[in-house]
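**Q** Here is my input; please provide its structure:
(2 chains)
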Amino acid sequence: MSTLRACITGVVCGVALASLVWARAAGQEPSAGNAARALVSEAAMPAIDRGLRDQDIVRDPARQPRRPERADGAGSAQETGYLPGSVIVKFKAGADRSVAVSSTMAQVGATAAERPAWADFEVVTIGAGADPEAVAAELRGRADVEYAQPRYLNHTMYRPNDPLYSNQWNFPAIDMERAWDIQPGASSDVIVAVLDTGVAFRTATFRYLSAFPFRLTAGGPVYPALGVVDVPFAQAPELGNRFVAPRDFIWNDSDPVDLDGHGTHVSGTVGQLTNNGVGVAGMAFNVRIMPVKVISGEWDFIFNSPNDGTDDIVAQGIRYAADNGAQVINMSLGREQGGPAPAVDAAIRYAVSRGAFVAIASGNTREQGNQPNVLGNISPSLAGAVTVGAVGRSLDVAYYSTTSAAVELSAPGGDVRQAGGAPGGILQQTVDLDLVATYERPPSQFGPPRADSFAYYYFQGTSMATPHVSGFAALLIQQGITSPAAIEDAMKRWATDKGTAGRDDQYGVGLISPRNTLRGLGLAR
Amino acid sequence: MRTWILRALAGAVLLSSSPTGALAQGLDIKGYGMIGSMTFSATNSFEAVFGDATGTIYGGGAEVGLPWGGLYVGVGAWRFSADGERVFVSDSEVFPLGIPLSVEVTPVEITGGWRFKNLSSRFVPYAGAGWSSYAYKETSDFADAGENVDDRFNGWHILGGAEFRVTRWLGVGGEIAFSSVADALGAGGASEAFDETNLGGTSYRLKISVGR
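**A** Alright, predicted model coming up:
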């Protein structure tokens, strides 16, 4: 009997131990099924600063935003610009939500409807073969629906260039030295949310699963699955340790690390450490930065992140930032394809109503049809949100900067054509793209990324112009102009008129003038 | 300017106390010192920058009673100064910016008026009007050359008051004056935001005079 009891006890203990080991393993190792990542270690090697990378051709400056596709073609959004299989639906106030949801699902054959956190809309799952634009149009005809739209994909608004010189011409161009005399970099009381591809905000190692082969472009070479990979991350040396409330809506956690480089570069222009004898400067170098990841990059696709940078994700990011104390929201992102963005419009209105100033990139499509950034269309009618165009080193409108009725202000975004080459870009520190963008190599040399090495790169784009305005807004807040509408009013009051007299579609009201704006009004002058 | 005012006041006192000269010819001459308060017409602008549209003024001058009834002429100068901060005004909401700003207003007023001497031997009401020249100086931190203001504007004023003769040579009085200095403000700054163009205002003055 005692032998039987011992056997049973041994079996139970063994099963329990095995379960524990399995559970730990499951918690640490992402699988193809759960599309997750795991924190392997809080520790990692210190960040490596590889200095100025002014001889690298990082990426083709003319290429359009890219979304890889699985080699088997599953879930492709290459052609449509939106995710298949779901739509965003906002029901009117007063509608019985449960009734509306169930009848909506029945009407379009939906299989699920979920309201995400930091959202006032539902994401309704429809058949994989259904046309989201047609379904959204059908739902817009319902009396209880305020809006319905496909889950349009957003992307960053920049064009990297091939740098030749180390030169931050952009700050003297807008008289920042004298502006910093008045307002030296704001303070940690001001929070700027950077909605982007993430930010190099922490040091850690994450474990990902690269589970499927993929193509970067339709018909391009197939890159192999890498299996389980550990990716080291480090905090960007030039951003310092002043981050607040990080949030990743692409991975649904609080680790919005950057495997693209865009968000870290943008954050540098907002608030790169300044006067520290190292590297370069930022506009508002004492603010706290809230990294909010709402845009997915190539690696997020390769690692099968649960979300993409769709309108609903961007809207959630905006609401999250506003609810967590951001006074400025930088949106160097958007889309030119697809219809209106009511979910994002509503989120921007909400953020402004909560006291957050919002800066939005106008887009980089001037030579590709000049389609404006849909997410910026709201700004002319909303005091407290501005759409930003870019100028180059000669302070003329940049060749790529989308011109439209939505453009309200201009700021330096870089233009390699005006300066005769790379010095016309905007220089900031970001992750070392040699070690991150390994998918730029041939498939035979493709390997796991590492994001613990940094370098200074020239980028150009309205993505680079927008954080100048966001940093400027942070300085104004510190100086005492706290209302989003007043911030916009002040920026426009002193903007340097460019182009045709008065507002125009190229420059908006004009080029930002931080020094004069910060100095404000006397009694008679 | 303060020295100039003191010199003018001292000269007027000396002149009025002289046993010879004009006094002997039947002219009443006296000097006075004045302290009071001024409420500027550009109320919103001054409140935005200084927190208050009313401030202390002080000055002095001299008056000559002419030998034709109660007719008199006078010249005086006073000074207002205040420290505030630069602001931004958006939709009538004021945002102080914490950048120090100082303003000095120094008017010179030439007045002609009438003293109602026959009402009482010791209590003399009077009224007058005249030409004003306002020196306006505005300075603030972080200003480039040309960004501060140092200018002069002309206007007019009217006043009325009463003087009580304490002794033959000493009088005290109260006076209310209204001045208008059009188009001195409003071309820039907070005054432009509030569309306030006049540097004048209403002042209440306590005067102590020496002389007859």
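**Q** Low-confidence ranges, chain A, go.
**A** A:1-35, A:53-66, A:74-79, A:157-167, A:419-420 (pLDDT under 70).
**Q** measure the closest residue to chain B within it to residue A:383 for me?
**A** Closest residue of chain A to chain B, Cβ to the nearest Cβ: residue A:486 (3.8 Å). Any C-beta I mention is one placed from the backbone N, CA and C, and that applies to glycine too. According to Cβ to Cβ, to the nearest Å, residue A:486 stands 9 Å off from residue A:383.
**Q** And the two? Which one has more around it.
**A** With neighbours defined as other Cβ atoms under 10 Å in any protein chain shown, residue A:486 and residue A:383 compare such that residue A:486 has more, 24 against 17.
**Q** hang on, the more buried one in a strand?
**A** No. Residue A:486 is assigned helix when assessed by DSSP: H, G, I helix; E, B strand; the rest coil, not a strand.
**Q** Find the nearest non-adjacent residue to it, please.
**A** residue B:90 (3.8 Å; Cβ to Cβ, 6 or more residues apart in numbering or on different chains).
**Q** residues near that neighbour, how many?
**A** Using other Cβ under 10 Å, residue B:90 is surrounded by 19 other residues.
**Q** Please tell me how far it sits from residue A:520.
**A** For residue B:90, the distance to residue A:520 - Cβ to Cβ - is 11 Å.
**Q** which residues are in contact with both of those two?
**A** residue A:490 (Cβ atoms under 8 Å, 6 or more residues apart in numbering or on different chains).
**Q** Helices of the chain, residue ranges please.
**A** In the absence of a named chain, this looks at chain A. Secondary structure of chain A (DSSP state H): helices at A:2-28, A:97-108, A:132-140, A:170-173, A:176-182, A:262-271, A:298-302, A:311-323, A:342-353, A:433-436, A:462-479, A:484-494, A:514-519.
**Q** I was after chain B.
**A** Under DSSP H, chain B gives helices at B:2-17, B:43-50, B:189-193.
**Q** Lowest average pLDDT across those?
**A** In terms of average pLDDT, helix B:2-17 trails the rest of these, at a mean of 50.
**Q** Residue numbers of the stretch 101-250 of chain A in contact with chain B?
**A** Residues of the stretch 101-250 of chain A that fall close to chain B, judged by Cβ under 8 Å from any Cβ of the partner chain: A:178, A:181, A:182.
**Q** burial count for the second one?
**A** In other words, residue A:181. Residue A:181: 13 neighbours (other Cβ under 10 Å).
**Q** Please apply the same query to the first one.
**A** By the measure other Cβ under 10 Å, the count of residues near residue A:178 is 15.
**Q** for residue B:35, same thing?
**A** Neighbours of residue B:35 (other Cβ under 10 Å): 15.
**Q** Not counting its neighbours along the chain, what's nearest it?
**A** Residue B:35 sits nearest to residue B:58 (Cβ to Cβ, 6+ apart), 4.7 Å away.
**Q** what bridges to that neighbour?
**A** residue B:35, residue B:79 (DSSP bridges).
**Q** Next one: it from residue B:80, what distance?
**A** 9 Å.
**Q** Please say which of those two ends up with more neighbours.
**A** Using other Cβ under 10 Å as the criterion, residue B:58 and residue B:80 rank with residue B:80 on top: 24 against 16.
**Q** Next to chain B, which bits of chain A? Give me the list.
**A** So chain A meets chain B at A:178, A:181-182, A:479-483, A:485-486, A:489-490, A:493, A:518-525 (Cβ under 8 Å from any Cβ).
**Q** Please list the residues of chain B that sit near chain A.
**A** Selection of chain B residues close to chain A by Cβ under 8 Å from any Cβ yields B:42, B:45-46, B:49, B:84, B:86-91, B:93, B:95-99, B:101, B:103, B:136, B:138, B:140, B:142, B:147-149, B:184-185, B:187-193.
**Q** Buried among the residues you listed? Need that as a selection in PyMOL.
**A** A single PyMOL command selects the buried members of the residues of chain B next to chain A (16 or more other Cβ atoms under 10 Å in any protein chain shown):
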select buried, chain B and resi 42+45+46+49+84+86+87+88+89+90+95+96+97+99+101+103+136+138+140+142+148+149+184+185+189+190+191+192+193
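**Q** Now intersect the residues of chain B next to chain A with the strands, please.
**A** Counting by DSSP state E, these place B:84, B:86-90, B:93, B:95-99, B:101, B:103, B:136, B:138, B:140, B:149 in strands.
**Q** How about the contacts made by residue 109?
**A** No chain in the question, so chain A it is. Neighbours of residue A:109 in contact, by Cβ under 8 Å, 6+ apart: A:126, A:127, A:130.
**Q** actually chain B
**A** So residue B:109 contacts B:61, B:74, B:75, B:76, B:77, B:78, B:130, B:131, B:132, B:133, B:157, B:179 (Cβ under 8 Å, 6+ apart).
**Q** which among these end up buried?
**A** B:61, B:74, B:76, B:77, B:78, B:130, B:132, B:157, B:179.
**Q** could you redo the residues you listed as TSV and give each row pLDDT and distance to residue A:205?
**A** Shown next, in TSV, are the buried ones among the contacts of residue B:109 (pLDDT from 0 to 100; distance: Cβ to Cβ, whole Å):
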residue	pLDDT	distance to residue A:205
B:61	98	83
B:74	98	87
B:76	98	81
B:77	98	78
B:78	98	75
B:130	98	84
B:132	98	78
B:157	98	80
B:179	98	76
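**Q** still on that earlier bit, pull out the buried residues from the contacts of residue A:109.
**A** Using 16+ other Cβ under 10 Å, the buried ones in these are A:126, A:130.
**Q** Show the contacting residues for whichever residue of chain B sits closest to chain A.
**A** Using Cβ to the nearest Cβ, residue B:90 is the residue of chain B that sits closest to chain A, at 3.8 Å. Applying Cβ under 8 Å, 6+ apart to residue B:90 gives the contacts A:481, A:483, A:485, A:486, A:489, A:490.
**Q** How about the third one, nearest residue that isn't a chain neighbour?
**A** The reference is to residue A:485. In space, residue A:485 is closest to residue A:383, 3.7 Å off (Cβ to Cβ, 6+ apart).
**Q** Name all residues that make contact with that neighbour.
**A** Each residue near residue A:383 by Cβ under 8 Å, 6+ apart is listed here: A:352, A:484, A:485, A:488, A:489.
**Q** which of those tops the neighbour count?
**A** Most surrounded of the contacts of residue A:383: other Cβ under 10 Å gives residue A:488, at 28 neighbours.
**Q** Could you report the distance from the residue nearest to residue A:485 to residue A:511?
**A** In terms of Cβ to Cβ, residue A:383 sits 20 Å off from residue A:511.
**Q** do residue B:156 as well
**A** 44 Å.
**Q** So for the two, which residue has more residues nearby?
**A** Comparing residue B:156 with residue A:511 by other Cβ under 10 Å, the one with more neighbours is residue A:511, at 23 against 15.
**Q** ok, and what's touching stretch A:216-224?
**A** Contacts for stretch A:216-224 (Cβ under 8 Å, 6+ apart): A:66, A:68-69, A:71, A:78, A:213-215, A:298, A:302, A:439, A:442-443, A:446.
**Q** just checking, residue A:171 touches residue A:285?
**A** No. Taking Cβ atoms under 8 Å as the definition, residue A:171 is not a contact partner of residue A:285, at 10.9 Å.
**Q** if you count what's nearby, which of those two comes out ahead?
**A** Under the neighbour definition other Cβ under 10 Å, residue A:171 and residue A:285 were set side by side, and residue A:285 has more, 25 against 21.
**Q** quick one, what contacts the more buried one?
**A** Going by Cβ under 8 Å, 6+ apart, the list of residues near residue A:285 reads A:185, A:186, A:271, A:272, A:273, A:274, A:275.
**Q** Apply 6 Å and report the result again.
**A** Residue A:285 is in contact with A:185, A:271, A:273, A:274, counting by Cβ atoms under 6 Å, 6 or more residues apart in numbering or on different chains.
**Q** How about residue A:512?
**A** Per Cβ under 6 Å, 6+ apart, neighbours of residue A:512: A:174, A:409, A:411, A:472, A:491, A:495.
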